[in-house]
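In: 3D, please:
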Amino acid sequence: PGATFGSAKRWFPERYAALCQRLQKADVSDILVFGGPGEAALGRQICEMIGKNCISLCGKTTLREAMTLIGKCHLFVTNDSGLMHIAAALDVPQIAIFGPTNHLTTSPASSKSHIARVPAPCSPCLRPDCPEEHHRCMKEITVDMVYEMAKSVISVRV
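Out: From the prediction side, this is the model:
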(Lines give C-alpha, C1' and ligand atoms only; values in the text may rest on other atoms or scores of the structure.)
Protein backbone atom coordinates (compact mmCIF):
# COMPACT_ATOMS: atom_id res chain seq x y z
CA PRO A 1 0.00 0.00 0.00
CA GLY A 2 2.94 2.33 0.31
CA ALA A 3 5.14 4.17 -2.11
CA THR A 4 8.47 5.58 -1.05
CA PHE A 5 8.25 8.31 -3.72
CA GLY A 6 5.51 10.14 -1.85
CA SER A 7 1.96 10.11 -0.58
CA ALA A 8 0.47 11.10 -3.94
CA LYS A 9 1.26 7.60 -5.28
CA ARG A 10 -0.66 5.89 -2.50
CA TRP A 11 -4.19 4.63 -2.97
CA PHE A 12 -6.08 5.20 0.26
CA PRO A 13 -5.79 2.65 3.11
CA GLU A 14 -9.56 2.53 3.62
CA ARG A 15 -9.98 1.63 -0.06
CA TYR A 16 -7.43 -1.18 0.17
CA ALA A 17 -9.30 -2.46 3.22
CA ALA A 18 -12.71 -2.23 1.54
CA LEU A 19 -11.37 -4.01 -1.54
CA CYS A 20 -9.89 -6.80 0.55
CA GLN A 21 -13.12 -7.23 2.51
CA ARG A 22 -15.04 -7.61 -0.74
CA LEU A 23 -12.50 -10.10 -2.06
CA GLN A 24 -12.78 -12.10 1.15
CA LYS A 25 -16.56 -12.29 0.67
CA ALA A 26 -15.85 -13.68 -2.80
CA ASP A 27 -13.68 -16.56 -1.52
CA VAL A 28 -10.27 -14.90 -1.31
CA SER A 29 -9.18 -16.16 2.08
CA ASP A 30 -5.89 -14.63 3.14
CA ILE A 31 -4.59 -11.11 2.65
CA LEU A 32 -0.91 -10.21 2.90
CA VAL A 33 0.09 -6.56 3.11
CA PHE A 34 3.61 -5.82 1.86
CA GLY A 35 5.78 -2.79 2.44
CA GLY A 36 8.94 -1.46 3.96
CA PRO A 37 9.67 -0.53 7.57
CA GLY A 38 8.40 3.01 7.00
CA GLU A 39 4.99 1.59 6.06
CA ALA A 40 4.51 -0.61 9.14
CA ALA A 41 1.84 1.66 10.65
CA LEU A 42 0.04 1.80 7.31
CA GLY A 43 0.07 -2.00 7.06
CA ARG A 44 -1.28 -2.37 10.60
CA GLN A 45 -4.00 0.19 9.88
CA ILE A 46 -5.15 -1.69 6.78
CA CYS A 47 -5.19 -5.05 8.57
CA GLU A 48 -7.15 -3.55 11.48
CA MET A 49 -9.75 -2.25 9.04
CA ILE A 50 -9.97 -5.61 7.24
CA GLY A 51 -10.43 -7.37 10.55
CA LYS A 52 -9.68 -11.00 9.75
CA ASN A 53 -7.26 -13.19 7.82
CA CYS A 54 -4.92 -10.28 7.16
CA ILE A 55 -1.21 -10.21 7.94
CA SER A 56 0.90 -7.09 7.63
CA LEU A 57 4.40 -7.95 6.52
CA CYS A 58 5.45 -4.30 6.27
CA GLY A 59 9.01 -4.07 7.53
CA LYS A 60 9.04 -7.74 8.56
CA THR A 61 10.61 -9.37 5.51
CA THR A 62 13.81 -9.13 3.58
CA LEU A 63 13.48 -8.36 -0.10
CA ARG A 64 14.20 -12.01 -0.90
CA GLU A 65 11.47 -13.17 1.51
CA ALA A 66 9.01 -10.67 0.05
CA MET A 67 9.82 -11.91 -3.44
CA THR A 68 9.16 -15.51 -2.41
CA LEU A 69 5.81 -14.61 -0.85
CA ILE A 70 4.76 -12.37 -3.74
CA GLY A 71 5.50 -15.24 -6.11
CA LYS A 72 2.87 -17.32 -4.28
CA CYS A 73 0.12 -14.70 -4.50
CA HIS A 74 -2.92 -15.30 -6.70
CA LEU A 75 -3.38 -11.55 -7.09
CA PHE A 76 -1.17 -8.59 -6.20
CA VAL A 77 -2.86 -5.19 -5.87
CA THR A 78 -0.28 -2.45 -5.70
CA ASN A 79 0.58 1.17 -6.15
CA ASP A 80 3.27 2.11 -8.67
CA SER A 81 6.17 0.75 -6.61
CA GLY A 82 9.24 -1.42 -6.65
CA LEU A 83 7.24 -4.42 -5.47
CA MET A 84 4.93 -3.89 -8.45
CA HIS A 85 7.90 -4.52 -10.74
CA ILE A 86 8.92 -7.58 -8.73
CA ALA A 87 5.41 -9.04 -9.08
CA ALA A 88 5.59 -8.37 -12.82
CA ALA A 89 8.98 -10.07 -13.09
CA LEU A 90 7.52 -13.06 -11.25
CA ASP A 91 4.51 -13.03 -13.62
CA VAL A 92 2.04 -12.72 -10.75
CA PRO A 93 -1.40 -11.44 -11.81
CA GLN A 94 -1.64 -7.89 -10.60
CA ILE A 95 -3.57 -4.67 -10.61
CA ALA A 96 -1.25 -1.68 -10.52
CA ILE A 97 -2.85 1.55 -9.35
CA PHE A 98 -1.48 4.63 -11.10
CA GLY A 99 -2.22 8.22 -10.15
CA PRO A 100 0.44 10.92 -10.51
CA THR A 101 2.99 8.79 -12.36
CA ASN A 102 3.09 7.93 -16.04
CA HIS A 103 1.65 4.47 -16.64
CA LEU A 104 3.16 4.45 -20.13
CA THR A 105 6.75 4.80 -18.94
CA THR A 106 6.74 2.97 -15.60
CA SER A 107 4.08 0.30 -16.02
CA PRO A 108 4.82 -3.28 -14.98
CA ALA A 109 6.26 -5.41 -17.77
CA SER A 110 3.98 -8.44 -17.70
CA SER A 111 0.98 -9.61 -19.68
CA LYS A 112 -0.62 -10.44 -16.32
CA SER A 113 -0.46 -6.82 -15.17
CA HIS A 114 -3.51 -4.60 -15.39
CA ILE A 115 -3.50 -0.85 -14.86
CA ALA A 116 -6.12 0.91 -12.75
CA ARG A 117 -6.16 4.62 -13.50
CA VAL A 118 -8.52 7.46 -14.19
CA PRO A 119 -7.09 10.21 -16.40
CA ALA A 120 -7.12 13.51 -14.56
CA PRO A 121 -6.35 16.79 -16.36
CA CYS A 122 -3.32 17.28 -14.11
CA SER A 123 -1.97 13.74 -14.43
CA PRO A 124 0.74 12.63 -14.75
CA CYS A 125 2.20 15.41 -12.63
CA LEU A 126 5.08 13.21 -11.43
CA ARG A 127 4.99 14.93 -8.03
CA PRO A 128 5.41 13.16 -4.68
CA ASP A 129 2.59 15.25 -3.17
CA CYS A 130 -0.49 16.52 -4.99
CA PRO A 131 0.29 20.11 -6.06
CA GLU A 132 -3.45 20.78 -6.51
CA GLU A 133 -4.25 19.21 -3.12
CA HIS A 134 -7.27 17.32 -4.48
CA HIS A 135 -5.65 13.94 -5.27
CA ARG A 136 -8.20 13.49 -8.07
CA CYS A 137 -6.01 10.97 -9.91
CA MET A 138 -6.27 8.62 -6.91
CA LYS A 139 -9.68 9.59 -5.52
CA GLU A 140 -11.41 8.70 -8.78
CA ILE A 141 -10.05 5.15 -8.70
CA THR A 142 -12.87 3.48 -6.83
CA VAL A 143 -13.08 0.24 -4.90
CA ASP A 144 -15.75 -0.92 -7.37
CA MET A 145 -13.43 -0.27 -10.30
CA VAL A 146 -10.53 -2.24 -8.80
CA TYR A 147 -12.84 -5.00 -7.57
CA GLU A 148 -14.29 -5.50 -11.06
CA MET A 149 -10.76 -5.71 -12.43
CA ALA A 150 -9.81 -8.21 -9.72
CA LYS A 151 -12.81 -10.41 -10.55
CA SER A 152 -11.75 -10.59 -14.17
CA VAL A 153 -8.11 -11.23 -13.28
CA ILE A 154 -8.66 -14.06 -10.83
CA SER A 155 -12.19 -15.13 -11.78
CA VAL A 156 -13.59 -14.97 -8.26
CA ARG A 157 -17.20 -15.86 -7.54
CA VAL A 158 -19.54 -13.18 -6.32
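
In: Run through the strands of this structure in chain order.
Out: 31-33, 54-56, 76-79, 94-97, 113-116 (DSSP state E).

In: got the ones you listed as JSON lines, with distance to C125 and mean neighbour count columns?
Out: Bear in mind the C-beta positions are built from the backbone N, C-alpha and C, glycine included. What follows is the strands of the chain, written out as JSON lines (distance: least, C-beta to C-beta, whole Å; neighbours: other C-beta atoms under 10 Å):
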{"stretch": "strand 31-33", "distance to C125": "27", "mean neighbour count": "21"}
{"stretch": "strand 54-56", "distance to C125": "30", "mean neighbour count": "19"}
{"stretch": "strand 76-79", "distance to C125": "15", "mean neighbour count": "25"}
{"stretch": "strand 94-97", "distance to C125": "16", "mean neighbour count": "26"}
{"stretch": "strand 113-116", "distance to C125": "17", "mean neighbour count": "19"}
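
In: Which among those is found nearest to P131?
Out: strand 76-79 (18.4 Å; C-beta to C-beta).

In: quick one: that closest one to chain centroid distance?
Out: How far strand 76-79 lies from its chain's middle: 3 Å, per C-alpha atoms, centre = their mean, to the nearest Å.

In: packing partners for that strand?
Out: Contacts defined by 3 or more C-beta pairs under 8 Å, 6 or more residues apart in numbering; DSSP states H and E place strand 76-79 against helix 82-89, strand 94-97.

In: Tabulate those in a markdown table, adding columns for distance to S152 and mean pLDDT.
Out: Listed next are the helices and strands packed on strand 76-79 as a markdown table, based on distance: least, C-beta to C-beta, whole Å; pLDDT from 0 to 100:
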| stretch | distance to S152 | mean pLDDT |
| --- | --- | --- |
| helix 82-89 | 17 | 96 |
| strand 94-97 | 10 | 96 |
